[in-house]
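Student: Only the shape, not the letters, is given here:
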């Protein structure tokens, strides 16, 4: 349970780094042990659709993850947590957890204090959980997906750029960017007939969409119920 009566820390590992959309007092590089960053969750709204899912970053078990730790003032804590829950938990693919994050100094070369930070980790039992995908499959899925928030490829490139600007090296993400040609031209991949066939082959078991049993109506009802539970 998050104590919103004092300053809190929030750990960002994906879009929160370059688009936090909440007030904070400071941002530090941080390291989370026991989890790693991966494109292991299907996006059916912001960076894809139910018919053509994209991929979003999530914290999956194992390894370590370097990212950004944001300190939020006590006066803003309750509002920030409410906004994060609305942003991250609409479909329930993420679980809110408090985890120890080591704050880094000297551009990440030495560890500073350890704080308990709010983290959003993936639920491996959720229908949006994609599991460990090859870079080739990730590139195809990312390259052809567009959602309400824009092209999936932009989301990946923005995260890669934000990590690089903090001096954080993610070798798996580096390989993915290289595989996509280091450019944003992959957004038109679904217009290529041969690649479109490959997309159909990798978006689910035996070529079927992994979201095939999750109708748009079911997703929208879930989102509405989620907002009602949050008081929106």
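Tutor: It's in. Source: prediction; values computed, not measured.

Student: element containing the residue most central in space within the chain, please.
Tutor: Taking Cα atoms, centre = their mean, the centroid of the chain lies closest to residue 57, which sits 3.0 Å from it. Remark: residue 57 resides in strand 54-72, with elements defined by DSSP states H and E.

Student: by contact count, what packs against that strand?
Tutor: Strand 54-72 is packed against strand 8-12, helix 15-18, strand 26-43, strand 94-105, strand 110-122, helix 135-143, helix 152-165, with contacts defined by 3 or more Cβ pairs under 8 Å, 6 or more residues apart in numbering; DSSP states H and E. Backbone N, C-alpha and C define where each C-beta goes, glycine included.

Student: burial measure for residue 91, as a count.
Tutor: When neighbours are counted by other Cβ atoms under 10 Å, residue 91 registers 20.

Student: Can you tell me the SS state at it?
Tutor: coil (DSSP: H, G, I helix; E, B strand; the rest coil).

Student: do you know how far it is from residue 56?
Tutor: Separation of residue 91 from residue 56 (Cβ to Cβ, to the nearest Å) stands at 11 Å.

Student: Just confirm residue 11 contacts residue 121, I think it does.
Tutor: No - using Cβ atoms under 8 Å, residue 11 is not in contact with residue 121; the gap is 9.9 Å.

Student: Settle it for me: which of these two has more neighbours?
Tutor: residue 11 (27 against 20).

Student: burial measure for the closest residue to the more buried one other than its chain neighbours, as a count.
Tutor: Leaving out its chain neighbours, the residue that sits closest to residue 11 by Cβ to Cβ, 6 or more residues apart in numbering is residue 117, at 4.2 Å. Around residue 117 there are 23 other residues, counting by other Cβ under 10 Å.

Student: mind checking pLDDT for residue 117?
Tutor: pLDDT, residue 117: 98.

Student: same check, this time on the one 5 residues further on
Tutor: Per-residue confidence for residue 122 comes out at a pLDDT of 97.

Student: Same question for residue 149.
Tutor: Among the per-residue scores, residue 149 shows a pLDDT of 93.

Student: And for it, the neighbour number?
Tutor: Neighbour number of residue 149 under other Cβ under 10 Å is 17.

Student: wait, isn't it in contact with residue 48?
Tutor: No - taking contacts as Cβ under 8 Å, residue 149 lies outside contact range of residue 48: 9.8 Å.

Student: so residue 7 touches residue 71, yeah?
Tutor: Yes - using Cβ under 8 Å, residue 7 is in contact with residue 71, at 5.8 Å.

Student: So for stretch 155-172, mean pLDDT?
Tutor: Mean predicted confidence for stretch 155-172 is 95.

Student: brain fart, stretch 18-38
Tutor: pLDDT averaged over stretch 18-38 gives 96.

Student: just stretch 63-81 next, same as before
Tutor: Mean pLDDT, computed over stretch 63-81, is 96.

Student: list the buried ones in it?
Tutor: 65-72, 76-77, 80-81 (16 or more other Cβ atoms under 10 Å).
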